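K.L.:
here you go, sequence then predicted model.
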Amino acid sequence: MGIVNVTPDSFFAATRTHARDQAIERGRELFALGCDVVDVGGESTRPGAQDVTAEEEMDRVLDVVRALAPWGPVSIDTRKAGVARAAVVAGADLINDVSGSLVELAGELQVGYVAMHAQGTPPTMQIAPHYDDVVVEVLVALESLARRATRARVPRLWLDPGIGFGKSLEHNLELIAHCADIVELARRYGAGVLVGTSRKGFLGKLGSEPLDVDERLEGSIATEAWAMLQGVAMVRVHDAAAALQLRDLISRPVAEVGS
């Protein structure tokens, strides 16, 4: 899943595309590289981000979705029912919802759905997140979303543990270490797992010196490789070319790689 942020404030400047033409060009480039899905968002959900109105969000994304839909599957990254509905009319066939609140709408519209776990909302979610057992609590929440999706007859479902959404460094590492458990849960519901670690802040805290967002490519690729090897079906990435090379390498038979 390649990222098109039609925003002025998303955390990775290299993928901010505030102008519609620039966003459309980036989306077409992502499809040309080989991305399976292009995710279009008009509201930043980085830690500390402030909400935008539904009208402003729609103004940012609908023309982009409409222009990209003929090129391949388009996802709309939104927490708002009105934006999701309008984007599906414009051609989106997947709702990527960090709030976990739009599952019934995805069933109504008969489009794919990414159900993500988050503790809190973007303005406050990284203020002292707490869990007694983060893996157990996230699995329970994701199973509840999967059951709702089943009842709503959502045609295609991905479960997302929400790396960086109301989680500390230790919480994120625990969830990544237990990717296989999330995959096992998803399979019981005929679903896949989506993981987004790309360029996120926790990757900058793992070494002896903090790393800026522009220095987190290697950590992104390493965690994406781990996720793929654990059976994760989709990774959401800023660095599509590198991630696609990784995917192709991992998907090759061992004998072919050795040759």
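P.N.:
Received the coordinates, thanks.
K.L.:
shouldn't V114 be within a helix?
P.N.:
No. With DSSP: H, G, I helix; E, B strand; the rest coil as the criterion, V114 is located in strand rather than a helix.
K.L.:
and it, how many neighbours?
P.N.:
Under the neighbour criterion other CB atoms under 10 Å, V114 is assigned a count of 31. In this view, the C-beta of every residue, glycine as well, is placed from N, C-alpha and C.
K.L.:
residues touching it, list them.
P.N.:
S75, L94, I95, N96, D97, L157, W158, L159, D160, L194 (CB atoms under 8 Å, 6 or more residues apart in numbering).
K.L.:
ok, then the element right after the helix or strand encompassing the fourth one?
P.N.:
Here N96, judged by DSSP states H and E, is contained in strand 94-97. With elements assigned by DSSP H and E, the helix or strand that comes after strand 94-97 is helix 103-109.
K.L.:
how about that following helix: buried residues?
P.N.:
Within helix 103-109, the residues that count as buried by 16 or more other CB atoms under 10 Å are V103, E104, L105, A106, G107, L109.
K.L.:
hmm, the fifth one is touching L157, no?
P.N.:
It refers to G107. No. Counting by CB atoms under 8 Å, L157 is not a contact partner of G107; they are 9.9 Å apart.
K.L.:
and for the helix ranked longest in the chain, what's in contact with it?
P.N.:
Ranked by residue count under DSSP state H, the longest helix found in the chain is helix 134-151. Applying CB under 8 Å, 6+ apart, the contact partners of helix 134-151 are 100, 103-104, 106-107, 113, 115, 117, 131, 157, 159, 161-162, 167, 171, 174-175, 178, 181-182, 185-186, 188-189, 191.
K.L.:
sort out which of the residues you listed are buried, if you could.
P.N.:
Buried among the contacts of helix 134-151 (16+ other CB under 10 Å): 100, 103-104, 106-107, 113, 115, 117, 131, 157, 159, 161-162, 167, 171, 174-175, 178, 181-182, 185-186, 189, 191.
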